[in-house]
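Enquirer: sequence unknown, structure follows:
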Ligand code: C2E
Ligand code: CA
Ligand code: CA
């Protein structure tokens, strides 16, 4: 932004003289003589003046129109409506209080009376008007600039977007709004300090401004959040143009940020929405670009997503549920259901996975896929995560006091919970408070938890394992699983994802993968749970491969605690 302003102030100034009835011939002569440094454009009617100003955008407008005094306010307003920053000097025949008042109200910058006209007066007035405009521009620029990065700020961005949208509506052109932020920025900031975060943000801003072109306007909307408006002509393909720009952004963030002696590889989530397809007002377009960005966030890599119909319905559900979640937690609307895990060596239920449900007062029982992502986005997964662990510990105690001895109860831990610096002490406090048998509690984590700060996650796991609880790696095979990573983690159990089990008897590749996972896990001294077992033939295959545990609809869907307890008591009585 600053550079653009400097470029503008360096070029020679231009003046538009609108000389309606020829009385200003002498002025134009004086102007040509005395102001060689200015570029002068003369028109002889308002309509020509208007047209010329739209095309040339002169720096000062001189209005010489003594015959049309009464229409002057309307004329000035017309120019101000599309270029409010361009000063207008009116040339009047006689100075009078009425005349002055009229011009003041019409927001003319200055006036020159023909009765005391001189080259000097003219020059002074033009100089004054230009300085005034320059100062106003500077003040506006300072108000619009983000002090950390020098990019436009939120205020600049919204004004720019609204202006562009208005232009687009008139001209039939299009635009895209790109929204991006840095993955795990909050955790990075709290772990390494705000100064470190600022350096990363500044560097990202610098790289974004290198990509800036005539087509784009880039702004920093908040902490690590940037937005870019992309101008798209009527005949261009919005998706193609936006993709090209996003590709440039992605290339520019591939290089690590050097900070002292260390290097940080930043990853960003990017989303985009398009005008007119996804909305026609600024708020809506920004919101939808953010929704698309949040979709990208699920990938844990630098990724981009365009807004779509599918995201729209998810967004509607989000808008409906998001404001209700905190209240739902306070008023005990969440419940844990349990899905049994069967030991294939003896056919007994030896464990279970705790799965959260939301007993919604109007919508009925909601499943986690519809609300956990919302909790994650809102940061509410942290308190809800603690509620889940607390509830599971209470349920472990209830089972124990009814004489049921389960070997393990799995509780899902969202990767976002590792962003909470109090994770370890809070879990330890819950265990102390509930006095639950820690050896029964097994925290299930997915590989996504290990994407950003492996060392932090490993140290959390090590510290937690001192309490006696254990860990399993969930949805194994769906991420970037590596056995070398497994060796680094204090993980006891691997859960093979349902997607491999579904076709395990019909797809040779899946069968091979499942066989390999079981063998390697056993060689590493870890046990294996196969998820999503629905059919006898799947079970037979897993028995043959000496899988340790199974979990799936073939045995039971997740059920309420009461039903789960009842089933276990019945099984115990039958033995
Ligand atoms: P997950 O951890 O992989 O949980 C297993 C999901 O598979 C459960 O869905 C379960 O009902 C379903 N399932 C189990 N057996 C079968 C089967 O034989 N066939 C089919 N088609 N599905 C089966 P649910 O309860 O809807 O949970 C979905 C996901 O939500 C879970 O996937 C987990 O990632 C998340 N989730 C559930 N509870 C919690 C929780 O307490 N905390 C967190 N952070 N996430 C949770
Ligand atoms: Ca799980
Ligand atoms: Ca799973």
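Expert: Done, it's in. Predicted model, so just to flag it, every value in this text is computed and none were measured. Ligands and ions are numbered 1, 2, ... in the order given.

Enquirer: got the residues of the stretch 351-500 of the chain near ligand 1?
Expert: Contact residues (C-beta under 6 Å from any ligand atom) of the stretch 351-500 of the chain with ligand 1: 355-356, 367-369, 372, 388, 412, 414, 474-475, 498. Where you see a C-beta, it was placed from the backbone N, CA and C, and this is true even at glycine.

Enquirer: same deal with the stretch 151-300 of the chain?
Expert: So far as C-beta under 6 Å from any ligand atom goes, the stretch 151-300 of the chain does not lie against ligand 1 anywhere.

Enquirer: can you tell me the residue of the stretch 151-300 of the chain closest to ligand 2?
Expert: residue 298 (16.3 Å; C-beta to the ion).

Enquirer: spell out which parts of the stretch 1-150 of the chain neighbour ligand 3.
Expert: Counting by C-beta under 5 Å from the ion, no residue of the stretch 1-150 of the chain lies close to ligand 3.

Enquirer: now do residue 44 against ligand 2, distance only.
Expert: 79 Å (C-beta to the ion, to the nearest Å).

Enquirer: need the pLDDT of that residue.
Expert: What the model reports for residue 44 is a pLDDT of 89.

Enquirer: what of residue 430?
Expert: Reported pLDDT for residue 430: 98.

Enquirer: isn't it up against residue 389?
Expert: Yes. Using C-beta atoms under 8 Å, residue 430 makes contact with residue 389 at a distance of 5.4 Å.

Enquirer: ok, back up a step: out of the residues of the stretch 351-500 of the chain next to ligand 1, which is nearest to residue 193?
Expert: residue 414 (25.0 Å; C-beta to C-beta).

Enquirer: I'd like to know how many residues surround the closest one.
Expert: As a burial measure, residue 414 scores 20 neighbours (other C-beta atoms under 10 Å).

Enquirer: quick one, what contacts it?
Expert: Taking C-beta atoms under 8 Å, 6 or more residues apart in numbering, we find residue 414 in contact with 372, 375-376, 381, 385.

Enquirer: if we use 10 Å, what do you get?
Expert: 372-373, 375-376, 381-382, 384-385, 388, 445-446, 448-449 (C-beta atoms under 10 Å, 6 or more residues apart in numbering).

Enquirer: then residue 43?
Expert: 16-20, 49-53.

Enquirer: quick revisit: mind listing what the residue nearest to the residue of the stretch 151-300 of the chain closest to ligand 2 when sequence neighbours are not counted touches?
Expert: In this structure, residue 298 finds its nearest non-sequential neighbour in residue 373, 7.6 Å apart by C-beta to C-beta, 6 or more residues apart in numbering. Going by C-beta under 10 Å, 6+ apart, residue 373 touches 294-295, 297-298, 314, 318, 381, 414.

Enquirer: make a ChimeraX selection of the buried ones in these.
Expert: Restricted to buried positions by 16 or more other C-beta atoms under 10 Å, the ChimeraX selection for the contacts of residue 373 reads:
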select :294,295,297,314,318,381,414
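
Enquirer: of the contacts of residue 373, closest to ligand 3?
Expert: residue 414 (12.7 Å).

Enquirer: which helix is the longest one in this structure?
Expert: Ranked by residue count, the top helix of the chain under DSSP state H comes out as helix 119-144.

Enquirer: next, count neighbours for the nearest residue to residue 106 once chain neighbours are set aside.
Expert: Nearest residue to residue 106 in three dimensions, chain neighbours excluded: residue 73, at 3.7 Å (C-beta to C-beta, 6+ apart). If you count neighbours by other C-beta under 10 Å, residue 73 ends up with 15.

Enquirer: residues contacting residue 73?
Expert: 102-103, 105-108 are the contacts of residue 73 under C-beta under 10 Å, 6+ apart.

Enquirer: among those, which are in helices?
Expert: Checked against DSSP H, the contacts of residue 73 include these in helices: 102-103, 105.

Enquirer: are any of those buried, and which?
Expert: The buried subset of those - by 16+ other C-beta under 10 Å - is 102-103.

Enquirer: filter the ones in helices among the contacts of residue 73 down to the ones close to ligand 1.
Expert: Okay, of these, nothing touches ligand 1 (C-beta under 6 Å from any ligand atom).

Enquirer: how about the ones in helices among the contacts of residue 73 in TSV, adding distance to residue 140 and pLDDT?
Expert: TSV is the format used below for the ones in helices among the contacts of residue 73 (distance: C-beta to C-beta, whole Å; pLDDT from 0 to 100):
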residue	distance to residue 140	pLDDT
102	27	80
103	24	81
105	23	82
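
Enquirer: quick check, nearest of the ones in helices among the contacts of residue 73 to ligand 3?
Expert: The closest of those, once distances to ligand 3 are taken by C-beta to the ion, is residue 105, at 71.4 Å.

Enquirer: quick one on the thing from earlier: can I get the contacts of residue 73 in TSV with distance to ligand 2?
Expert: Output for those, formatted as TSV (distance: C-beta to the ion, whole Å):
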residue	distance to ligand 2
102	76
103	74
105	71
106	70
107	66
108	71
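
Enquirer: and for the residue in the stretch 251-400 of the chain that ligand 2 sits nearest to, the neighbour number?
Expert: In the stretch 251-400 of the chain, the residue that lies nearest ligand 2 is residue 353 (5.6 Å; C-beta to the ion). The number of residues packed near residue 353 is 25, by other C-beta under 10 Å.

Enquirer: helix or strand: which one has it?
Expert: strand 349-360 (DSSP states H and E).

Enquirer: in the stretch 451-575 of the chain, what residue is nearest ligand 2?
Expert: For the stretch 451-575 of the chain, C-beta to the ion, closest residue to ligand 2: residue 474, 4.2 Å.

Enquirer: residue contacts, residue 378?
Expert: Residue 378 sits in contact with 318, 321-323, 325-326, 384, where contact means C-beta under 10 Å, 6+ apart.

Enquirer: which of those ranks first by neighbour count?
Expert: Of those, with other C-beta under 10 Å as the count, residue 384 tops at 23 neighbours.

Enquirer: skipping its backbone neighbours, what lies nearest that residue in space?
Expert: residue 375 (5.3 Å).

Enquirer: could I get the contacting residues of the one you found?
Expert: 321-322, 325-326, 328-329, 334, 356, 358, 368, 381-385, 414, 416.

Enquirer: do residue 385 as well
Expert: 356, 372, 375-376, 411-414, 416-417, 420, 423, 426-427.

Enquirer: which non-adjacent residue is nearest the closest residue to ligand 3 within the stretch 201-350 of the chain?
Expert: Residue of the stretch 201-350 of the chain nearest ligand 3, by C-beta to the ion: residue 339 (10.3 Å). In space, and not counting its chain neighbours, residue 339 is closest to residue 558: 3.9 Å by C-beta to C-beta, 6+ apart.

Enquirer: likewise residue 185?
Expert: residue 224 (4.0 Å).

Enquirer: same question, residue 276
Expert: Nearest to residue 276 is residue 174, by C-beta to C-beta, 6+ apart, at 6.7 Å.
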